[in-house]
Every structure is written in C-alpha cells, then in structure tokens.
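Colleague: would you be able to build a 3D model of this:
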Amino acid sequence: MEYQQKTRPGARPAPAPADTLVWGKNPVTELLRSGRPVDTVYLADSLPEAAAGYYTALARQAGAVVKKVPAHKLQKLCGGAEHQGVAARGAEIEYASLDDLLAVAREKGEPPFLVLCDGIEDPHNLGAILRSALLCGAHGVVIPRRGGVGVTGTVMKASAGAAARIPVARVANLAQAIRDLKAQNVFVYCADMGGAPLDKTDLSGAVALVMGSEGKGPGALVKKLCDGVVSLEMAARGTGVDSYNVSVAAGILMYDIMRRRAR
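Modeller: Numbers count the residues shown, from 1 in each chain. Okay, the predicted model is just below:
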C-alpha cells in the first residue's frame, strides 16, 4: 500500500516493507480498489452472505486469498478494534519521496499543495488529516521517520481509506524538507497560536502547511524555518479549552486553501 521511497546512488536500500492489517468495510474496499498489493482478505463467518460475496469478488480481482474466520478471532486479529466483519492484509504502503509529491503537482499542472505533520502521534489524528488532505486536493502529506506515527492499520481505518489514495512521504529530517520546498519556491506556513489570523494570511499559490504535534505544536526550528505562522480565531476563550484539535485545525486550513484555489 505505500508509495515507494526512492534511494540515491550509493545509499543503502530501504528495508523490505512489513505487512499491515487494515480493517473496516470502507478502508478494505478502498485498499482492494487501489491496485496496491493485497495478500489476504479475512471475512467474519457472521458477515451477511451478500457482503461476503461482494468482498470475495473484490479480493479475486485484486489477486488476494479469502479466508473465513470466526468473528471473535477476527476481533483478536484486529486488536479488539471494530472490524465490521472484514479485514485485509497487504504490504505496508511504500512511502513516496518529497520529489514524488512535487511531481504529482506538476503532472496536474497545479501549484504544489502539501501538508507536513510535525510529530503527530495520535493515529486517529493522522488518519483524519490524510482524509481531509485527499478531499481538499492536496498533492501529498509529509511525515517524519521519527517522532510521529506512521501509516498503520489504525491510521488507514481513521482515514476511511484515504491513506491508500494520497501519496505519503516519510522523511528523515522535516526541517530539511522545508528547506527543500522553499528552494522550489513553495511558501511554507505553520499553524500555531499567536500567528496571523487566517483571513489576513495569503495561502494561495504554491503552499505547504505544517501542523504541529498534539501537545507542543510545531518544533522551534521548524517554526523558525517557516515563511509565516497562521492561527485560527476562537470564540470560547477563557473556558480552559484554548486550541482546536490538530486534525480539526488542519481540516479548516486545508478547506480554506481549496476554496482559494477554486477561485
């Protein structure tokens, strides 16, 4: 399921991708339709016949083996998560490179629109960001190799399958990725408290949006490297709730970027 990370001449080859398990009707459907390699599809024996036939047909088209298992075993396989009677095991998604994401924008004839996640640790937040990024027309999402969650089965589930549709680059150094983007004339903005209001920030053109970690926000160096800081207004000040959830804030900002582009 991942996009392949390119390696430079002389560099050590990337380790073989591990298997990942995806569960839930919508994520499994998206995975099977995405063209990514899928090894096995697990169907609970309690799944209605019509639904079982549907996933069996999709699995055959994808070249995957179908296994029927007791519902309680599927529950255990998915770590106790709500699996909706279906799960699939495929190769872990092959991450893209930063250049791959920029190439997607060039192929579409559009100025780059990327989302950078600086230390997002909650898989549900990353999944929600990937989902919004896909729906708002972003060309890809960048995550760090360390200090943040990767694309796991939980992320795939939370993204409603979007993680199988949008390129994800996993970089060794997020600060260097920002420098590289700026060298390509991409303006980089981070979301943080104390920044300029959204309505006074120009997020049009080639833009990369940095979303910081749930507790600390963007790192000091990352924030320093950005071209600007944008913040969202809040109505309920003084209540003790002093910020938006990171995935909610990302959705608001990405929607604004999509709306500006539509004009």
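Colleague: return the residues in contact with Leu181.
Modeller: Leu98, Pro112, Leu114, Val188, Ala208 (CB atoms under 8 Å, 6 or more residues apart in numbering). No exception for glycine: its C-beta is placed from N, CA and C like everyone else's.
Colleague: tell me the SS of it?
Modeller: helix (DSSP: H, G, I helix; E, B strand; the rest coil).
Colleague: same deal with Thr29?
Modeller: Thr29 ends up helix, using three-state DSSP.
Colleague: got a pLDDT number for it?
Modeller: Looking at Thr29, its pLDDT reads 94.
Colleague: what's the spacing between it and Val69?
Modeller: Distance, Thr29 to Val69, using CB to CB, to the nearest Å: 19 Å.
Colleague: and those two? Which one has more around it.
Modeller: Higher neighbour count among Thr29 and Val69: Thr29, with 18 against 15, using other CB atoms under 10 Å.
Colleague: thought the more buried one was touching Arg165?
Modeller: No - counting by CB atoms under 8 Å, Thr29 stays clear of Arg165, with 11.7 Å between them.
Colleague: which neighbours do the two share?
Modeller: Shared contacts of Thr29 and Arg165 (CB under 8 Å, 6+ apart): none.
Colleague: which residues are in contact with Glu214?
Modeller: Counting by CB under 8 Å, 6+ apart, Glu214 has contacts Ile120, Glu121, Asp122, Asn125, Asn245, Val246.
Colleague: can you tell me which of these end up in helices?
Modeller: Using DSSP state H, the members of the contacts of Glu214 that fall within helices are Asn125, Val246.
Colleague: now, which of the contacts of Glu214 sits nearest Leu21?
Modeller: Lowest distance from Leu21 to the contacts of Glu214 (CB to CB) belongs to Asp122, with 18.9 Å.
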